[in-house]
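[1] Pasting a predicted model and its sequence here:
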Amino acid sequence: MSLEFNNSDGNYVRCIERERQALLALKRGFTGHGGDEELLSSWGGREAQKQDCCRWQGVYCDSKTGHVTQLHLGDQYLRGTISPKLIELQHLEVLELVFRGSKFPTSIGSLTYLRYLDLFFPEFDGKFPYQLGNLTHLQYFKFMGNRGSRIEDLNWLPYLSSLKYLDLSYSNLSSIFDWPETINKLPNLRNLSLSYCSLPPPVFSTLSHINSSKSLASVDLSYNIDLTATTSVFKWLCNYNTSLVDINLVNNELSGSIPDVFGNMSSLAHLDLSYNILEGAFPLSFSKLCSLRYLALAANNLSGRYYDIFQILSNCAQSSLEILDLQGNYHIVGWLPNHTTFPYLKRLSLSGTGLIGRVPESIGQMSKLEWIEMANTSLEGIISETHFSQLSRLVALD
């Protein structure tokens, strides 16, 4: 048996009865909480529209075959159980689900057409089923679990050979010491986010023989205060010199000096090392970062003359740099040079540094500037109208 309705092209598509029954089984397993009664109220009923599963809220079907291809339940907090009948949705390509249950359903691992999987399980018990390794077509995987429950292993992850985007933020990975090696086995990965994951310091021996992807462009390891192993983390990032565009290592208690390895990352456009305990001079190797648009090194213990930093960045990044944030580095000292050689600069944050002298009037010629921070410094002198002559875009001044 199948149900028919007319789509926008004037052709008939069929709501597959087997898939309709699978959706109704899912509905029976869920219990209402916080508005999902309204969403699932369109699922089933005597009216013709409610019998067409392709017209149910959150359900999308292929316009030619009638197979359910997308299921969007990401804005609900569903409880209860996830029916094993989910396995009947064999043509599902997109699944978004928020579910307040501790067990990860093994049936998801049988949906081998999945390309996009976005899950939030706030009561997750930390046990991923090995069947997830069957999702060889999966390109996007975002999972948020319960930071109180440790994830036991990621042995299934390297089998997701098509994966391009991986976000396990707010999941507890404190027991996964070989996480860099696991990531290295994903040949097509472009975006990685492991923020707030309680990442442990990587085991150095796992980094010695790797076959890493050359496509990784974005890495977010922020807010992992136990990471600390500065040398190992930077050594791992070295394997992606030619591909990395965006690196976020905020608040990881990284210490020591900033290594020269970043200077070899020819495509790097966004680097944020703020709120660590890095020290020493500004790396001379940054003079090779010709694509750099965003540089944030706030709240570290860096030292040296600001003019030297200015000169290093002027070598190659003056036509690209838009954001420069060095605030909170009290041992960066000296006077302010003429910044008009950075015509695209939008934000200049130098509060809490050891700057002295006067603010040059030439800053008023920087028409792209939107944000200026120079509080808690030893800068002095009179600020005149000339300082603001062409700052028509300025929205914040401190």
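    Nice, thanks for sending it over. Residues are numbered from 1 along each chain as shown.
[2] Would you mind listing where this protein has pLDDT under the threshold?
    Using pLDDT under 70 as the threshold, the predicted model of the chain has low-confidence ranges 1-14, 32-39, 45-50, 204-213, 229.
[3] quick one: contacts of the longest helix along it?
    In the chain, with assignment by DSSP state H, the single longest helix is helix 17-29. The contact list for helix 17-29 (Cβ atoms under 8 Å, 6 or more residues apart in numbering) reads 1-3, 40, 43-44, 51, 53, 56, 59, 67-68, 80-83, 85-89. (C-beta placed from N, C-alpha, C; glycine too.)
[4] count of neighbours near Ile247?
    Per other Cβ atoms under 10 Å, the neighbour tally for Ile247 reads 21.
[5] Can you tell me what sits against the strand or helix carrying it?
    Counting by DSSP states H and E, the element that carries Ile247 is strand 246-248. Here strand 246-248 makes contact (Cβ under 8 Å, 6+ apart) with 195, 217-222, 237, 268-272.
[6] Please pick the buried ones from these.
    The neighbour-count criterion (16 or more other Cβ atoms under 10 Å) marks 195, 217-222, 237, 268-272 among these as buried.
[7] State the distance from Tyr344 to Ala396.
    When distance is defined by Cβ to Cβ, to the nearest Å, Tyr344 is 18 Å away from Ala396.
[8] Please say which of those two ends up with more neighbours.
    Just comparing Tyr344 and Ala396: by other Cβ under 10 Å the higher neighbour count belongs to Tyr344, 16 against 11.
[9] sorry, back to before: next, format the contacts of strand 246-248 as CSV and append distance to Gly256 and secondary structure.
    Conversion of the contacts of strand 246-248 to CSV gives the following (distance: Cβ to Cβ, whole Å; DSSP: H, G, I helix; E, B strand; the rest coil):
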residue, distance to Gly256, secondary structure
Ser195, 22, coil
Ala217, 26, coil
Ser218, 24, strand
Val219, 19, strand
Asp220, 21, strand
Leu221, 17, coil
Ser222, 18, coil
Leu237, 15, helix
Leu268, 20, coil
Ala269, 24, coil
His270, 22, strand
Leu271, 16, strand
Asp272, 17, strand
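[10] Looking at those, which is nearest Leu154?
    Leu221 (15.3 Å; Cβ to Cβ).
[11] my guess is Phe286 meets Pro259, correct?
    No. The criterion here is Cβ atoms under 8 Å, and Phe286 misses it with Pro259 at 11.2 Å.
[12] Do me a favour and get the end-to-end distance for stretch 100-113?
    25 Å (Cα to Cα, to the nearest Å).
[13] if we can go back for a sec, next secondary structure after the strand holding Ile247?
    Going down the chain from strand 246-248, the next helix or strand is strand 255-256, by DSSP H and E.
[14] which helices and strands does that following strand pack with?
    Based on contacts counted as 3 or more Cβ pairs under 8 Å, 6 or more residues apart in numbering; DSSP states H and E, the elements that strand 255-256 packs against are helix 230-237, strand 277-280.
[15] sorry, back to before: distance to Ser162 added to the contacts of strand 246-248, as TSV?
    As requested, the contacts of strand 246-248 are exported to TSV (distance: Cβ to Cβ, whole Å):
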residue	distance to Ser162
Ser195	23
Ala217	16
Ser218	18
Val219	19
Asp220	21
Leu221	23
Ser222	26
Leu237	23
Leu268	26
Ala269	26
His270	26
Leu271	29
Asp272	29
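[16] My reading is that Asn239 lies in a strand. Confirm?
    No. When classified by DSSP: H, G, I helix; E, B strand; the rest coil, Asn239 is found to be helix rather than part of a strand.
[17] How many neighbouring residues does it have?
    Here the number of neighbours of Asn239 (other Cβ under 10 Å) works out to 19.
[18] how far away is the one residue sitting closest to the centre of the chain from Tyr77?
    Most central residue of the chain, judged by C-alpha distance to the mean C-alpha position with Cα atoms, centre = their mean, is Ser193 at 4.3 Å. Plainly put, Ser193 is 23 Å away from Tyr77 if you go by Cβ to Cβ.
[19] now do Pro84
    Using Cβ to Cβ, one gets 21 Å for the distance from Pro84 to Tyr77.
[20] What of Thr112?
    Counting by Cβ to Cβ, the gap between Thr112 and Tyr77 amounts to 28 Å.
[21] Looking at those two now, which is surrounded by more residues?
    Neighbour totals were compared for Thr112 and Tyr77, and Tyr77 leads with 15 against 12 (other Cβ under 10 Å).
[22] Help me confirm that that one comes into contact with Gly101.
    No. The pair Tyr77 and Gly101 fails to qualify as a contact (Cβ under 8 Å) at a distance of 10.8 Å.
[23] need the strands for the stretch 101-250 of the chain, in chain order.
    In the stretch 101-250 of the chain, the strands defined using DSSP state E, counting those that start in this stretch lie at 116-120, 140-144, 165-167, 191-193, 218-220, 246-248.
[24] Reformat those as JSON lines; add distance to Glu279.
    Compiled in JSON lines, the strands of the stretch 101-250 of the chain are given as follows (distance: least, Cβ to Cβ, whole Å):
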{"stretch": "strand 116-120", "distance to Glu279": "39"}
{"stretch": "strand 140-144", "distance to Glu279": "34"}
{"stretch": "strand 165-167", "distance to Glu279": "31"}
{"stretch": "strand 191-193", "distance to Glu279": "27"}
{"stretch": "strand 218-220", "distance to Glu279": "23"}
{"stretch": "strand 246-248", "distance to Glu279": "19"}
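[25] Out of these, flag the one nearest Tyr159.
    Closest to Tyr159 of the strands of the stretch 101-250 of the chain, according to Cβ to Cβ: strand 140-144, at 11.9 Å.
[26] neighbouring strands for the closest one, and are they parallel or not?
    Strands adjacent to strand 140-144 in the sheet, as given by DSSP bridges, are strand 116-120 (parallel), strand 165-167 (parallel).
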